[in-house]
Every structure is written in C-alpha cells, then in structure tokens.
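In: build me a structure from this.
(2 chains)
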Number of protein chains: 2
Amino acid sequence: MTQQAGAGGDTSADNLDSSGGKTIAPEPYRLEAVSGPLSPDELATMDAWWRAANYLSVGQIYLMSNPLLREPLRPEHIKPRLLGHFGTVPGLNLIWAHANRAIRERDLNAVFVAGPGHGGPGPNACGWLEGTYSELYSDIPQDAEGMGALFAQFSFPGGVPSHCAPETPGSFHEGGELGYSLLHAFGAALDHPDLTVFCVIGDGEAETGPLAGSWHANKFLSPARDGAVIPILALNEYKIANPTILARIPEAELASLLRGYGYEPIMVTGKDPATVHQAMAAATDDCLDQIARIQRSARDGGNGTRPTWPMIVLRTPKGWTCPPIVDGNPVEGTFRAHQVPLPAARTDDAHREVLEQWLRSYRPDELFDATGRPVPVLREQAPVGDRRMSANPVTNGGSAIRDLRLPDWRDCGVEVPAPGQVKHEATRVLGGWLREVTRDNPDNFLTFAPDELASNRLQDILEVTGRDWQAEIGEFDVDLDRGGRVIEVLSEHMCQGLLEGYLLTGRHGVFTCYEAFIHIVDAMFNQHAKWLDASAKVSWRRPIPSLNYLLSSHVWRQDHNGFTHQDPGFLDVVLNKSPEVVRVYLPPDANTLLSTYDHCLRSRHYVNVVVAGKQPQESWLSVPDAAAILRDRLPELKVRVVNVVDLMRLLPDTEHPHGLPDSEFDTLFTRDRPVIFAFHGYPWLVHRLTYRRTNHSELHVRGYKEKGTTTTPFDMVMLNDLDRYHLVMDVIDRVPTLRERAAGLRQEMVDARWTARLWTREHGADIPAVADWSWPGD
Amino acid sequence: MTQQAGAGGDTSADNLDSSGGKTIAPEPYRLEAVSGPLSPDELATMDAWWRAANYLSVGQIYLMSNPLLREPLRPEHIKPRLLGHFGTVPGLNLIWAHANRAIRERDLNAVFVAGPGHGGPGPNACGWLEGTYSELYSDIPQDAEGMGALFAQFSFPGGVPSHCAPETPGSFHEGGELGYSLLHAFGAALDHPDLTVFCVIGDGEAETGPLAGSWHANKFLSPARDGAVIPILALNEYKIANPTILARIPEAELASLLRGYGYEPIMVTGKDPATVHQAMAAATDDCLDQIARIQRSARDGGNGTRPTWPMIVLRTPKGWTCPPIVDGNPVEGTFRAHQVPLPAARTDDAHREVLEQWLRSYRPDELFDATGRPVPVLREQAPVGDRRMSANPVTNGGSAIRDLRLPDWRDCGVEVPAPGQVKHEATRVLGGWLREVTRDNPDNFLTFAPDELASNRLQDILEVTGRDWQAEIGEFDVDLDRGGRVIEVLSEHMCQGLLEGYLLTGRHGVFTCYEAFIHIVDAMFNQHAKWLDASAKVSWRRPIPSLNYLLSSHVWRQDHNGFTHQDPGFLDVVLNKSPEVVRVYLPPDANTLLSTYDHCLRSRHYVNVVVAGKQPQESWLSVPDAAAILRDRLPELKVRVVNVVDLMRLLPDTEHPHGLPDSEFDTLFTRDRPVIFAFHGYPWLVHRLTYRRTNHSELHVRGYKEKGTTTTPFDMVMLNDLDRYHLVMDVIDRVPTLRERAAGLRQEMVDARWTARLWTREHGADIPAVADWSWPGD
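Out: Numbering: from 1, shown residues only, chains lettered A, B, ... in the order given. Prediction:
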C-alpha cells in the first residue's frame, strides 16, 4: 500500500471511533495548495466540477425529492429502495473531469468507457452537467426540476438502470456484465485515427478472463491507422465483499504485469483531493503527450515497431468522500463503500442526518444557482457540442454510419448448370466476395477470427490485405500486415468484443468461428442482443450495423475432431433473445450463402447468425441424396424437399417478423402428411419453433443429439439420423402404405448403412458410395 | 528471438534449398556433449525415451500398419486421412520425459496436464511407453501388434480422438476447447498437499481470456494446504496459421508479464536436443527445489506471505525434429508444422519417402526390441505403478473419492407450522447447512463464487471458515483466510475451472452464481458435460462427484438490476446435453432446496443445476397467490397446483431417466383440462420438453420473454405473465364456462394490476397488497 497521507477525512484505524456504533459524516474539505500542472484557479474549478458530479451522484442514489436540500432531509425525500454503487463513482467523475480538461486544451475527439459495474450515477451526472442530458431528455432540464427528475428516475420504476446503458448519453458500453470495457474501447479506436478513448477498468472487472486477455488488444492497434486507448485501472481495492487481486499484490508486481502487457503505467495514488487532482492532471497530460508522439512518429513513416502505450493506475479510496464510519464500521476506503454507504437513510435518523451532512460536504450552494442550474464556472468546463464525451456522435454509432460499398454478389457466384451437378466449398466462395468487400471498404469493414480464417476457408480475403499485427514479425511469418483488415487472435472473447466496439461506433464487420466454440461468447452475444433490443427503444439512438456471424466447421463436419467440436446449441441461445433483433440463416449452398450474406451486410441492428459448410458439397445435409433414392426406387411416392434457409420462417408470424402465416406454412408442409425435418442442430429446437403449427404432430425432426462418442471420429454416417440411408428408412416407416411394398428397399438401406460403417472402420475414410455420390440430375 | 544454434537440423533460411519444391528429411542427430545436470549416460537415455515417444507420435498420425518399418513404407500403410497436430508433440514428450526423471529421483506424486490442442499423440505415446496403455486396453499390448493397434486407432473410426480425452490414460483434462489447462491444474492441486502438477500451456491457448485470467490462480494456492503447479509455457511460436502474441513480444516483456502474474520464469530455449535436455533438466530441478523450500517453509509455520512460484518457458521449434522443408517451404519451426507436416504421404512418393526417413531419424531399431517392446533402458525410465503420470489415481478421480460426511439436512430445515405461513430466504437456509458440510469435510469440499457468496445469501458458511486468500491482506479486509474453504474471485471462468479440476480429481464442491452470468461459462459447462458423458463409456473410468450449481439472484428477482441481469437461458443450454449427465431442479421453498441439495451432493457424475431464490418468499412464483384468490372467489372451480421441482420429469421416460411415464403425466396434468404453466425460464423450453404429451395443446406456458426494458426496474409485476393478477385472468380466460360468470373478478384483477403498477412507479416499491401478501391458510 502506498497511499499518501492527505488532508481529507483520514480513515486509518487509529482515528476511528467505532465504539457505540456511531455514524460519522465526512468533513467538508478545503483544497490544500499542492503544486502541479494545475494553477490554483484551475485546481479549484476542476474540484468544483468533481464535487458537483459527486453531489449529483449521491443525489441519484438517495433522493426522490428535495434535490437541492432547500429544506432539511425528511424520510419521504429518500427512496424506499437504495440502488446504484457509490464506491466506484468518485473515481469515474474524477477521470471524466480530467478528460474534459484535456479535451478543451487539445481539442481532443474523445469518448469515455465506464467499465465498473453499477457506476451509472457518475456518467449520468456528467452528462447532465454538460447539458447533453437535457438536450436528449426534455423532461430533465438543467435546473432544479430537472435535477429532481434526474435523481428520481435513477434505478426507479420507469426510470434508468443503475449502470451505464443505452439510455446513458455518451455510452456505447453497457455496464451490466463485466469484462468487456477494454475490448469495446479498442474496437472503437480501430479505424478512428483521431479518436481517444478514456477507458476506465474496475479492478473487480480486471479479474475476469475476458478482461485479462484483452490487454493484449494493443498488439492489433496501429498507431498510424487507429486512434488511441488510455486504459485507466481504477484501483479502489474492493469488489462487493472482497478485496481485489490487483490491489493486493505489491505495486512493483502490478507494474511488471502491466509492462508485460505492453503498457507503461503511470501511478496516481492518494486520497487528498488536491494531491490527486494534480497527479491526475500530470498523468493525463503525460499520456496524451506520449500518444501524440507515438502517432506522429508512426504517421510520419515510423519504423513499424510496436509502441509502448501509456496507461494510468488510479488508486483512490472506495467510496472516496463518503462517510468514514457507519454504525461503528469503517466505510470509506473499505468494501462497505461498494454499494450504498448509508443503507438505512430513510428509516434511521442518524443515517439520514449524516446523509444530509455528506451531501452538504460537497457545498452544493456554491455549485448550483438559485434555479438549480450549474454555475457558469461549471458550465464553462464542459467541452462544446460534439466534443462533449456525453454527445460524441460515434457513441451513438448509428448516427455515424457510412454504408458499405457492396459489390454484386452474383459476380462472385458459382455457375450451376443443373441442380446438384457441381460441388463447391460454400465458405470459400463467400471468401471471394468478402475479398471484394474488404477491398472496396478499406477503412470501414473488418473481419475477425480466432485463428480460423483459413480453416473456415475465407483465406481469399488475404489476397487484398494481411492480418493485422503490431507485434514482432518473425522470419517465417506470412500474411501479416501493420494495417491488415483481418484481425486474428486465439480468443473468441477478443474477436467478439473488438467487433462489438467497432459496430457500436458505426462500422461494419464479420466474425467467423467454429460453430462449437462460439458458445464461448454466449454471454457476450446475450448482452449485445439486449443492448440492441433496449437501444431500439431509446428515441435518440440510431440503428447500428448488424453483428454478422459466419459459423463453419460445424457439427456435421467435425467427425474428425470429434465430440468436443460438435455443438450446434448456439442457435438455441440466439432464439431466446427478442425476435426484433435476432436472425438465423442456414443457406444450403454457395450461391444462397452469398445472397444471404449480402442481405446481412446491408441490414441494421440485428444479430445475423449464418451457419454454412466449408466442405465441398452440393448441400450440407443428405436430404437430396435420400430424395434421389426415393425418386429412383419409389417413383410413385411424392416427395417434396423444402430448404429452410431462414429458420425464423418456422415461427408463426405473430411471434417473429419473418414468421410464415399458418396458411402458407400449411401449403408448404401440408396439414397432414408426414414431414421428416433434417435439421442442422438439436432437434427439439424445431419443435419449439413449430409446436403451434397444424401439422406439428406429423413433424418428425432428425438432428444432432449428444451421445458421448469421443471415440468414433468419422462415424457420422452411423451415429446420426441424417444419413441418406436412415432418411429413406424413415420415410418408409412414416408412410403406412409403403411399409410392406418397400420392405426390400428398407432392408437394402439397413445393409448399406452397415456396409458403409464397416468399410469406414476398416479404411479410415468414407466408402466411395457415400463420398463420391452426386445428384443424378432431374 | 533468442534461439541458440545447435547441431540438430538447422532450418535457418540460409540453409534452406527451397528451389524446385524439394522435400527434405530431418537428419538423424547425434547428441553433442553438453554439460549440465545430466551425466552423458542420463542424457543419452532421456534422449532415447524422447525419441521413442516422438517416433510413436509420428506413427499414430500416419500409419495404419507396418508400425516398426520392418518393410519399406507403401501407400497402403498410411492412413487416408491424416489428423492430429504434430507441432506441439515434441515439446509435450520432452516435458513428460523430464517430469519422469524428477518423479524417479524425488519419488514425486505428479500428474500431467496437456493444454495444447490436438496433441494427443504425445500423452498416448508416453502412456504406452509406461505400460499403462496396455494395462488399461488389453488389445493394445506393449509389443509390435500393440504398437500397430495404437497407431491405427488414433483419430480413426472407432478409435481415439486427436486430443487428450477420457480415453487417454493419466488425463483429467480434455484438449478440445482451449483455455482451461491452468485452471484444471490448480483445481487438482487444491487440498492435495503432496501433488505436483506439470501443466503445459500452449502459447495459442495462452491468448484466450480464461487462460489469461487464470494465471492469478496462484493467489488461492496455499503452500501449506495445497500441492504445487509448475506452469510450462510451450512457446513454439505458432497457432494454426499465425504466430502467437507471446512469441512475438520481447523476451524481457514476456518475463515481466509472468512476474506480474506472480511467477519467476525460467527460460529454456533452443533447438539442439542435448542443449535443451540439459537446460530442461536444470530448470525442472530448480523448480522442484524452489517448491520444496516454499512448501517446507509454509508447513513449518511460515510467515503467511505469498510465495513467488517458479515456472518454465520452453521455447523450441514448432514440429521440432520434423522435416525442415516440404514442397520447397520451410516447415520445422514454422506454422506449417502445426498440424501434419507431410500431408500427401499416402499419395506422393516424395512425401512418403521423407516420412520414412523422418521416422527412421529417431532410430527405432535402438528403441524397440525384436518383439516391438520398448528396450529395457526405456522401460526402466518409467516410474513405478501409481507414480506413473499415466496411472496416477487422482487422474481417474472417481477411483480416489472420499464420500462427503453429510449432516442431516432436516436439522437445518425450517419449521413450517402450516403451508405458506412462514417466509424464508431459501438460499440463506441452505447456507446454514453448507456451513455444516464445510465444517465436517475440512479437506474435501470447497465452495466457489464470483464475489457473490454473500449476495446469494450463503454467508453463513463464513462462520466456520474464511475466504481463501494468499495475497496481501489489507487493514479493512475481513473474512480472509490463508486456508479458507470458500474461493471467491470475480471470474466465473476461474470458479468453474478450479471446481472442475477439483472434481475431476475426486473431490466435492459447489459453484454459486447469479443466474444471468452463468452463461459466461456455457462453453465450459458444455465441455464438462461432454467429458462426463464420454468418460462414462470408458470402462476403467469411475464416476466422479457431480458439478453442483446454485443459481440465485435469478431472473424474477433482478428487477432492480434490470434487463442485463435477467437471463434464464442456461437451462436451455443444459438441456441440450445428454440426459445421462444433466439434472435441473427448481425447488420452490427452503426445505425443498435443502433436500434437493442433499441429493445433489450425494450424486455422482452429473451436472446438477439448482435455481433457487434468495428473497424472503414462501414460494418464488405467484402461483399460490393466484390459487388462493381463485379458491376464495370461485370456490366451485377446481384448481390443482403442481410444483415441478425436477424439470426432467416433464420429459417422456423414453427420453430421460427421470421422465414421467405418459400415464402418470396424464393423471397429474389431465388429458384435456387447461394447464397454466408458470415457468421460471423462457416459456418455449417447457414446450420443447412436453410437446409429445397428450394434453400439450392445452398447456399454456407463462415465463420470461425478452422485452428490451432496461428502463423499468421493479416493474416485474406488470411486465411478466407470472403475477397473481395475470394468472387469475389467465385461468378465467381459459375456462369457457367461467368467462361470463367471473367477468367481475377478471375486471378486478385488471384494475388491481394497474393500481399496483401506478403505486410502484410513484413510490419506488411494491404496493403493500403485493409485498405483504401471505397465504391465507388451508
């Protein structure tokens, strides 16, 4: 611990009177004269702004009315349920204040990412002080009434959440699930050469795997092409109920860790406001000076070596400026300050009295005029217009979109002289088109992959660009490029998070992944879908480009890699989200895949999940094969093959905008004929989508089921219900009139299945009858 | 790059003849005399063992027959489809060989974790050399025939996967999805004071978020209570198609990173086998000496400070010892050696010829006798019996279980004088029982939580133990303990991975988490369920303790935290796994939760998902309330309330062992009466489970649907279909004979619902009619 002694409320144990369960208010502080980059006047005005933001934050947490304390606090002024986490808020407000000074002085184009959870009061307060809140929400003007409304709505029925959310001006990062702040920050900086992202990372969040891995995103940030990220590790030492790891290792070890990640940390430590203000001002200046040098050097030609980027470690007390003692327990600077320092403020007179003293310790009468408006010296500290971080257009990504230039997909399509006669690797064909998209949109479109771009057969993109790589380049490394338009890193979290940050700030992209391992980002997908859904209901938010997945190496072609690589369940996760924002496509061939992807890249505000095969195949399931056998051997049997490309068509039109009306569904699938549904994923998903359809009782779904068979690579043909032999048997079994007549064919299928299995087990490859089969033509 | 020059095949660019697309075999190497801890004889025998393991690995990848090259290689000896990744294998084999030397010399109790993907040939080869393979698989004896079978089965139909799997002797870690090796290693070491875990981490795997975060697991490893982990970062510099980040930062930066994580790295770098052997032997000795000192000091009382644990960075060429040039391209030491260095060995004569030379470069005739058995000097290098890492009992966790001592849950149950008369926080009651379980099983049971133990109301456990914490302890930190039985870290990945490692090596535990954020480990759950499923089919594996989740702070009680904290979809993910291994329970009250958990902790080889409320409630949904209103107001209406605690009961008995037979289902739910199903999760999940039931068309499911409403905390009562008012309306609407008669009651419900909503919006709390309602009694 290296906390510096300071003038503001010392909470060291010796000074605490914890006898008798006392509750003690913080003493109003006066700024000491501390030398540093800030003149005494600047120091005073910045501190005033910080006090104002802190006052407005405490107000949001506690007050339903009496926002300016024009009368003594009474129980009915205080919310019955106290929410929001104060612990992290003073740090957020401090960083915002210092970012604002830099924006004004340097005319910076900057945005703010608040990583710590439930810190919403901070950015809300800053947005209101900057006037943005009132511009976007006319019911929350910049006066006493507006302040009251700002307070009352916070984490209140009908109001705004306790963390940063789509409702928060200037936020493109949801503070609900922790771990993604740095990825969103780096994603925003890509292809935005003039942007500076102030990214606050909570020391709790820093324990998550995704955050721990994401420090390495600096290996993909080009100082020539991209903007800058200033990571600010907010080391207030506590989570909900525990200290944090990074706060409980020696400072030298922490610095070593951050240097190992490729940053030069600047330590800002203390609890005396004047001391911290001066140190933070110096650190912010230092970071921005270093960044300017790095960018200038790189943009002047540079030598291509990866720079060491600066960052800040801000170690200040949890709940800084809150009551030091509550009910005899130390609070400021401990885990007890994480959430609400005075939990009984409505019902306990002592708590309420201390709450009022606490609020008054910020000296609100100096900060707000008679109408409740921030005094001029505060208003003047806000940057102007779009320069305000609460109003930066890229944070409302949909307002900053440049449309993609999309080449005609038909020019990249494959010739199909007759149905089923030509085999193509569908994703390789798509790669050819994505190459053109990449070429035509050199600063507006990126492809992300966890070391699977080539494995998923999209490598044609590399004909026009390399893989982005800012680290060293070895003698035998190929296809790396300091400004490459493909980002490959063996972390699904990083691919997803960087792409999200890129999309949320108005650009376009694709994430290609093995189907089984996309589950790694289930939670991130969930949160992004929720952001889309919720932001669509915020009037001033504009639709952003869709998040486009290309899942390949899918369950039916992972026979060689086995059971661990087989999992089509992402679709189940996706379909739980609001139908307004999710789309699922299963294009069966190369041209359909192209057309589907063209549609996806033009769309807005969806998550588009496209599952497609990379193996040469006229169609990735065995339905056409089975149909051909039936047509040949039982010509009197009428078989209809329906390809369901858009899975949402199966839903009733009352449940999803793509849903088929019942009458059309019945026309396609009949009201009473047996339907064998050969499905890509877990079979019950189709039942969940169709259980209301007329003919549901005759719908028999064949799909993937978990059977614990790691031991049988290649045995797909025998282990699933989707091989041609099984499907033919299935049809025969389902049509009563066929059972006797087609008994011979059925037995033939049983025998062929066993023959195929035995052949495969002996030879380690598919039997030629399976491998070389082609559609016999119409 | 700091690779040392060496005698073995130099692949630096100057020496490469890449003209004419040549394919060049590696030159057989002779060991140089290099000084170090190994005597010349030791060096020679260890190298022989390494060559043998490498030979057996190449054989697995390529050969279907002719395992000892007793005749020239012909196309039919070679598998048609070449799988498995050679690139990482020589490193794995080297580490195994050096671990064996240490085991023999120090009588170590050690296990091996192979993190790199698809490196299965290495541990398979080592297990066969140690004789374990033949003991467990009688069809794979330690002779020429067995060698042939070992080769033929690898990644072949009916055989074993290309990565470590349940079939692999000595493995308790699946090599399918990357990122969890270090967590499994640390989990295995917890409460195993005598165990040493050699954990190999691929530099590809090291890019994943979960792995990046898991280095900090050393903050929870007690040198007194637990065993040791030796992380060995296998820095072979390449993934499938890209260099790795950690290989392309300066070595000093890498060392800084690892020191920042709390380790002192020992660098072992080179490509000359003798040099690397000596360096690796010295590094292994150094690590084990340091560990012995650390443990002795801690166990002699120590001073409680966290030690700096040693680790190894092994930088050797990718595909070390493989052909340097294939088709004119550099292969050894490049990304092209990642998978199969000679992809056309079956069809291309030059490839096949070089394959034979490559195999012979290991000098198999010196390694295997006339019968194909390893020569005595190799056999003597294997440790004896259980000391073999391939045979260590803890790696077959089910064989090492000590049953839990479980106190009678009834002693911790709550008094229920009459149904519905008492409210309890169900999880707090469970915490009381888990406190007893923790006390009674002081070295065999752990609880994991991502900073949510107290938030989920299990804090009573802390009455008998602290939270495990090996880092510094601050002045205001509470409940921390150098040997605590609760592990809290703000990483769901770490909680899950450490618990998995603990269970896989035969101990017991619980993971408690917010319901919404358990999606963060969807992929880890999937892989663990697959391990359970697949290992149940391996005859020598014994069932391990179940993985027990306690999910609380669930969707219906996250009104204050809002939309981001609401997601009941983990159940959908769980139900996609094999019915043999997953169980889902929704106990409605405290005593049922206790009884359920008692059942779970006694069970084996399942994943038990228990979702339970932490808020005071007689039942966590509104069904009893609605039933009470109906009983009071419409006494002639017969209403049956069925609590479905075990969700699997809904499935037909043909689909799940817990499934209800149709007749019993019909008895409970009738064949034709309307059923209103008030469900915890997404409603379609119930349809997916029940679509085959007689009365499915009359089953109306009410559950959670995504509505994008971040803005309305507390508004649960109006936003879902599960409030009492809605349920009463629902019943009225579903029973035609009631519609007219009960129109008044229906309108009353509509009005009450609006009144409740308006009251909540005004007051920020539930209306007393809702908050204070209690069951009127029978």
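In: can you give me the neighbour number for A:Asp327?
Out: Per other Cβ atoms under 10 Å in any protein chain shown, the neighbour tally for A:Asp327 reads 17. Glycine gets a C-beta too; all of them are placed from N, C-alpha and C.
In: correct me, but it touches A:Gly21?
Out: Yes. Using Cβ atoms under 8 Å, A:Asp327 is in contact with A:Gly21, at 4.8 Å.
In: how far out from the middle of the chain is stretch A:81-100?
Out: Here stretch A:81-100 is found 22 Å from its chain centre; the criterion is Cα atoms, centre = their mean, to the nearest Å.
In: of all the residues in that stretch, which ones are buried?
Out: For stretch A:81-100, the neighbour count (16 or more other Cβ atoms under 10 Å in any protein chain shown) marks A:81-100 as buried.
In: that one spans what distance, first to last residue?
Out: With Cα to Cα, to the nearest Å as the measure, stretch A:81-100 spans 33 Å from end to end.
In: hmm, that stretch touching chain B?
Out: Yes. Using Cβ under 8 Å from any Cβ of the partner chain, we find that stretch A:81-100 touches chain B at A:81, A:83.
In: likewise for stretch A:202-210?
Out: Yes. Using Cβ under 8 Å from any Cβ, stretch A:202-210 comes into contact with chain B via A:204-205, A:207-210.
In: give me the neighbour count for the closest residue to A:Arg507 other than its chain neighbours.
Out: Excluding its sequence neighbours, the residue lying closest to A:Arg507 (Cβ to Cβ, 6 or more residues apart in numbering or on different chains) is A:Asn444, at 5.4 Å. Other residues lying near A:Asn444 total 21 when counted by other Cβ under 10 Å.
In: how near is A:Asn444 to A:Ala400?
Out: Distance of A:Asn444 to A:Ala400, computed by Cβ to Cβ, to the nearest Å: 11 Å.
In: for whichever residue of the stretch 101-250 of chain A sits closest to chain B, grab the count of nearby residues.
Out: For the stretch 101-250 of chain A, the residue closest to chain B is A:Gly176, as judged by Cβ to the nearest Cβ, at 2.6 Å. By other Cβ under 10 Å, 26 other residues sit near A:Gly176.
In: tell me which element it is part of?
Out: Using DSSP states H and E, A:Gly176 maps to neither a helix nor a strand.
In: contact partners for it?
Out: Contact partners of A:Gly176, counting by Cβ atoms under 8 Å, 6 or more residues apart in numbering or on different chains, are A:117, A:161, A:163, A:165, A:527, A:530, B:561-565.
In: return the member of those residues nearest to B:Arg702.
Out: Relative to B:Arg702, the closest of those is B:Phe563; by Cβ to Cβ it sits at 18.8 Å.
In: I'd like to know how far that closest one sits from A:Ser578.
Out: To A:Ser578, B:Phe563 is 10 Å away according to Cβ to Cβ.
In: and if you look at A:Gly122?
Out: Here A:Gly122 is placed at a distance of 29 Å from A:Ser578 (Cβ to Cβ).
In: if you count what's nearby, which of the two comes out ahead?
Out: Taking neighbours as other Cβ under 10 Å, A:Gly122 and A:Ser578 compare with A:Gly122 leading, 31 against 17.
In: average model confidence for the helix or strand harbouring the more buried one?
Out: Assessed by DSSP H and E, A:Gly122 sits inside helix A:121-129. The pLDDT scores in helix A:121-129 average 98.
In: CA-only coordinates of stretch A:661-675 in CSV, if you can.
Out: The C-alpha trace of stretch A:661-675 is given here as CSV (Å, rounded to 0.1, in the frame of the first residue of the first chain):
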residue,chain,number,x,y,z
PRO,A,661,-48.6,-17.3,-41.8
ASP,A,662,-50.2,-20.6,-40.9
SER,A,663,-51.9,-20.8,-44.3
GLU,A,664,-48.6,-20.6,-46.1
PHE,A,665,-46.9,-23.0,-43.7
ASP,A,666,-49.7,-25.5,-44.3
THR,A,667,-49.4,-25.1,-48.0
LEU,A,668,-45.7,-25.9,-47.9
PHE,A,669,-45.7,-28.6,-45.2
THR,A,670,-49.3,-29.8,-45.7
ARG,A,671,-51.9,-30.2,-43.0
ASP,A,672,-51.5,-34.0,-42.5
ARG,A,673,-48.6,-35.5,-44.5
PRO,A,674,-45.6,-36.9,-42.6
VAL,A,675,-42.7,-34.4,-42.6
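In: low-confidence stretches in chain A?
Out: Confidence mapping of chain A against pLDDT under 70 gives the ranges A:1-20, A:419-421, A:557-560, A:616-622, A:707-721, A:775-778.
In: would you map out the domains in it?
Out: Taking automatic domain parsing as the criterion, chain A consists of the domains A:45-382, A:400-617, A:623-771.
In: the strands in the stretch 201-350 of chain A, which residues?
Out: Ranges of strands within the stretch 201-350 of chain A are A:228-234, A:263-269, A:309-315, A:325-326, A:329-330, based on DSSP state E, counting those that start in this stretch.
In: so which of the ones you listed gets nearest chain B?
Out: Chain B lies closest to strand A:329-330 among these, at 5.5 Å (Cβ to the nearest Cβ).
In: name the next helix or strand following the helix holding A:Gly122 along the chain.
Out: Past helix A:121-129, the next helix or strand by DSSP H and E is helix A:132-136.
In: in that next one, what counts as buried?
Out: For helix A:132-136, by 16+ other Cβ under 10 Å, it's A:132-136.
In: with stretch A:743-757 instead?
Out: Residues A:745-746, A:748-749, A:752-753, A:756-757 are the ones in stretch A:743-757 that count as buried (16+ other Cβ under 10 Å).
In: OK, contacts around A:Arg604?
Out: Residues near A:Arg604 by Cβ under 8 Å, 6+ apart: A:398, A:543-546.
In: do you know how far it is from A:Leu136?
Out: Distance, A:Arg604 to A:Leu136, by Cβ to Cβ: 21 Å.
In: tell me the spacing between A:Trp540 and A:Pro169.
Out: Taken as Cβ to Cβ, the span from A:Trp540 to A:Pro169 is 8 Å.
In: give me the more crowded residue out of the two.
Out: Set A:Trp540 next to A:Pro169 and count neighbours by other Cβ under 10 Å: A:Pro169 wins out with 26 against 14.
In: measure whatever residue of the stretch 551-700 of chain A ends up closest to chain B to B:Trp531 for me?
Out: Going by Cβ to the nearest Cβ, chain B is nearest to A:Thr564 of the stretch 551-700 of chain A, at 2.6 Å. According to Cβ to Cβ, A:Thr564 stands 8 Å off from B:Trp531.
In: shared neighbours of the two, which are they?
Out: Shared contacts of A:Thr564 and B:Trp531, defined by Cβ under 8 Å, 6+ apart, are found at B:Glu174.
In: now the longest helix anywhere in chain A: buried residues?
Out: Ordering each helix of chain A by length in residues (DSSP state H) puts helix A:273-299 first. Of the residues in helix A:273-299, A:273-285, A:287-288, A:290-291, A:294-295, A:298 count as buried by neighbour count, 16+ other Cβ under 10 Å.
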